[in-house]
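Student: here's my sequence, what's the structure:
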Amino acid sequence: MRRFDDRCVGAGDRHWRGSARLATSCAALFGAMSLLTDWDAGSLSLPRALLWLALSAALFTVLLPARVTAGAGWLAVRSPWRRQTVRTDALTTVWRYDGVSSHLVLHDTYGHRLVLDPRVLAANPLIWHELDTGVRRSVERGTLLQGGDVLRRLGRRIDEETVRGVLRESGLQ
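Tutor: Numbering: from 1, shown residues only. Just a heads-up that it's a prediction; the model follows:
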């Protein structure tokens, strides 16, 4: 499988930069407030300052969302820990897990696996379009064995939300 990088991106999560800025702001604010509080109490030392900075870095890592990108025939999710990529035109199975944290799990014929929050697809029509196009190719080629119904239901829900948003913004609802 060809390795894809961010230079050949067809679509990216349009809300990722804002979420990354929020994660950076929260971590910086936590670090600054911790250091100032410790300094004001007169107990700030080098080990304590390093501890606060390490905790701020950990908070940033936890709050930083995964970056989702898509192109013709592929979908990628990059987190601070790893990068997952699947060929959307060679999918074999798609599973949706609901609960506290709803997510999709996609598998391709190359043995790659990707976990994705479906809200990213709903918020980014271009990523959804790239995935849907790849899924249609998978169905045409006969590689998609399970999960076509999951994606059809998700597609209907995304389309309904998009229509409601357009009607709401145009004042017709």
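
Student: run a quick neighbour tally on the residue nearest to Leu144 when sequence neighbours are not counted.
Tutor: When the adjacent residues along the chain are set aside, Leu144 lies closest to Ser138, with 4.1 Å between them (C-beta to C-beta, 6 or more residues apart in numbering). No exception for glycine: its C-beta is placed from N, CA and C like everyone else's. Residues within reach of Ser138, counting by other C-beta atoms under 10 Å, total 26.

Student: can you verify my assumption that Ser138 contacts Thr88?
Tutor: Yes. Checked against C-beta atoms under 8 Å, the pair Ser138 and Thr88 is within contact range at 7.0 Å.

Student: hang on, the earlier thing: relative to Gly71, how far out is the residue nearest to Leu144?
Tutor: 15 Å (C-beta to C-beta, to the nearest Å).

Student: ok, now Leu64?
Tutor: From Leu64 to Gly71 the distance is 22 Å (C-beta to C-beta).

Student: show the pLDDT at the residue of the chain positioned farthest from its centre.
Tutor: Distance from the C-alpha centroid of the chain peaks at Gly42, with 42.0 Å (C-alpha atoms, centre = their mean). Per-residue pLDDT puts Gly42 at 91.

Student: same check, this time on Asp6
Tutor: Looking at Asp6, the pLDDT reads 44.

Student: helix or strand: which one has the residue nearest to Leu144?
Tutor: helix 125-141 (DSSP states H and E).

Student: now swap in Thr85 and tell me
Tutor: Here Thr85 is assigned to strand 83-87, by DSSP H and E.

Student: where does this structure have low pLDDT?
Tutor: Along the chain, the model assigns pLDDT under 70 to residues 1-10, 173.

Student: which residues of it fall in strands?
Tutor: 11-12, 67-71, 74-78, 83-87, 91-97, 103-108, 113-116 (DSSP state E).

Student: of those, which is nearest Gln146?
Tutor: Closest to Gln146 of the strands of the chain is strand 91-97 (C-beta to C-beta; 4.4 Å).

Student: which strands and helices sit next to that closest one?
Tutor: Other elements packing on strand 91-97 under the criterion 3 or more C-beta pairs under 8 Å, 6 or more residues apart in numbering; DSSP states H and E are strand 103-108, helix 125-141, helix 148-170.
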